[in-house]
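[1] after the sequence you'll find the predicted model.
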Amino acid sequence: MKRICTGILTVFSLATVAAFAQSTGTTTTTPVTGQTIQERKNNQQERIGNGVENGSLTAGEAANLEKKESNLNKEERDMREDDNGKLTTADKAKLTRQQNRLSSDIYKQKHDAQVQPKTNNEVNTRDRLQQERIGQGIKSGQLTAGEAANLEKKESKLNKEERTDRAANGGKLTPGEKKQINHQQNGLSKQIYNKKHNAKKRG
């Protein structure tokens, strides 16, 4: 009798475990929904923000990536407007493919040979601090992709100007050039603050 009871309990336990495994197995694949697309967008921005902060993304690379992100966001908004605020299955599939490509671009740009200049002088140190502020704004959602693209485009232009000045003066900046670049960085610093504290947030 004891053996029979033990056998029954064993069978019951195995059946329970199997049922649990089967029920949990059905939840492992999450369908593509508007929410998962939003989470993916947030993740992409987190990765870009980290790259801007740690210097693995140059201002030009970040501007390019954020421009693509901004275009993708606009496309999603247009899709939702066409379907009463929702995304069709085809819309979701298309957005996912585009996000996959952007994800690959982010990885490549963060792991190529291009990096932000070393902070071995006053100008480059200031530049890196600006980049850290932009990176933090991207990660926190205070900066939209469009705002970040605009700021990074200006940062990239300023960096190019600095390189041109240095090339014309044996790798150095004249006092006048330093003053001019510092003036432009002050202007960019105000723009970073204003864009991080306006009403626009990452959607």
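    The structure has been received and is ready for your questions.
[2] and the next helix or strand past the lowest-mean-pLDDT helix or strand in the chain?
    For the chain, counting by mean pLDDT, DSSP states H and E, helix 2-25 ranks last in confidence among helices and strands (a mean of 44). Next along the chain after helix 2-25, taking DSSP states H and E as the criterion, comes helix 34-54.
[3] what's that following helix in contact with?
    The list of residues contacting helix 34-54 from outside it, by C-beta atoms under 8 Å, 6 or more residues apart in numbering, reads 30, 56-57, 61-62, 65-66, 69, 72-73, 76, 86-87, 92, 95-96, 99, 102-103, 106, 109-110, 131-132, 134-139, 141, 145, 148, 152, 202. To be clear about C-beta, it is placed using only N, CA and C from the backbone, and glycine gets the same treatment.
[4] are any of those residues buried, and if so which?
    Buried subset of the contacts of helix 34-54 (neighbour count, 16 or more other C-beta atoms under 10 Å): 56-57, 61-62, 65-66, 69, 72-73, 76, 87, 92, 95, 99, 102, 106, 109-110, 131, 134-139, 145, 148, 152, 202.
[5] narrow these to those in helices?
    Per DSSP state H, helices hold the following members of the buried ones among the contacts of helix 34-54: 61-62, 65-66, 69, 72-73, 76, 92, 95, 99, 102, 106, 109-110, 131, 134-139, 145, 148, 152.
[6] quick one: contacts for S70?
    S70 neighbours (C-beta under 8 Å, 6+ apart): T144, A145, G146, A149.
[7] skipping adjacent residues, who's closest to the last one in space?
    Going back to what we said before, that points to A149. E66 (3.7 Å; C-beta to C-beta, 6 or more residues apart in numbering).
[8] surely the one you found touches S156?
    No - under the criterion of C-beta atoms under 8 Å, E66 makes no contact with S156, lying 11.4 Å away.
[9] now for N169: which residues touch it?
    E177.
[10] quickly note the distance from it to K179.
    Per C-beta to C-beta, to the nearest Å, N169 is found 14 Å from K179.
[11] now do R133
    22 Å.
[12] likewise for T144?
    Counting by C-beta to C-beta, the gap from T144 to K179 is 32 Å.
[13] same question for A93.
    54 Å.
[14] for this protein, which spans come out with low pLDDT?
    Applying pLDDT under 70 to the chain flags residues 1-35.
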